[in-house]
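Asker: Starting from these lines, generate the structure:
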Amino acid sequence: MPRRDVDYDKIIIEPLSRANYSPEFNCDFEDDMGLNIFYHKEALAFHEEKLGRTHVFFYEGRIIGFVTLAMEGIPRKKLDESDQLGIHTRTYPALLIGRLAVDNEWRGSGIGTWILKWCLGFAVDISERVGCRYVVLQTNKRREGWYRRNSLGFKLLYIDKEDYWLFRKIDLD
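Answerer: This next block holds a predicted model:
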């Protein structure tokens with residue numbers, strides 16, 4: 001896919017709605033996680049029922065990506081002691097990146113990394129209103145490397161069958 005130059009100041013972020021849903025959005029290239037089906041068949045229902053809130057990213061009037069966020073708890077026993085907060089609780093509150101996808105035509109342009117950085121900032125913002133100290137996500141073996149290579153500090157939390165759970169402590173300073 002050709003790399004596109006992106007003026008990130010021109011990206012507009014909106015909550016998914018029936019009014020801004022786009023049937024033209026397509027992320028089916030190497031889509032082994034069912035993201036395209038999720039966007040077209042399930043995202044609106046998840047959003048309306050508040051099971052996950054989907055945010056769509058527009059560039060020049062076109063949806064170029066989306067992310068679905070929810071709350072999650074990371075079991076303390078799954079974290080290495082060095083990654084724990086020193087406060088003994090069964091779970092630590094986390095923002096779950098449930099789904100993250102970029103339109104086929106925008107892959108390789110840095111949009112996915114930009115959306116991931118936006119999620120980290122979002123986690124810091126909500127931590128002022130609700131408990132949130134980590135960001136967590138579930139992916140597969142093929143995509144796990146992308147999350148760890150992007151130098152945003154994601155680490156392996158655990159592997160459950162074919163699911164790779166990754167996490168990152170958020171910076172509150």
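Asker: In the chain, which residue is most central in space?
Answerer: Within the chain, one residue has its C-alpha closest to the average C-alpha position: by CA atoms, centre = their mean, that is Ile97, at 3.4 Å.
Asker: That residue: what secondary structure?
Answerer: When classified by DSSP: H, G, I helix; E, B strand; the rest coil, Ile97 comes out as strand.
Asker: Next one: it from Ala123, what distance?
Answerer: For Ile97, the distance to Ala123 under the criterion CB to CB, to the nearest Å works out to 9 Å. Every C-beta, even on glycine, is put in place using the N, C-alpha and C of the backbone.
Asker: for the strand ranked longest in the chain, the distance to its chain's centre please.
Answerer: With DSSP state E applied, the strand covering the greatest number of residues in the chain is identified as strand 62-75. Its chain's C-alpha centre and that of strand 62-75 lie 4 Å apart, by CA atoms, centre = their mean, to the nearest Å.
Asker: re the thing from before, what's near enough to touch the residue nearest to the centre of the chain?
Answerer: Shown here is Ile97, whose contacts under the criterion CB atoms under 8 Å, 6 or more residues apart in numbering are 67-69, 116, 119, 135-137.
Asker: measure it to Tyr8 for me?
Answerer: Separation of Ile97 from Tyr8 (CB to CB) stands at 19 Å.
Asker: Scan this protein for its longest helix.
Answerer: Taking residue count as the measure and DSSP state H as the definition, the longest helix of the chain comes out as helix 111-126.
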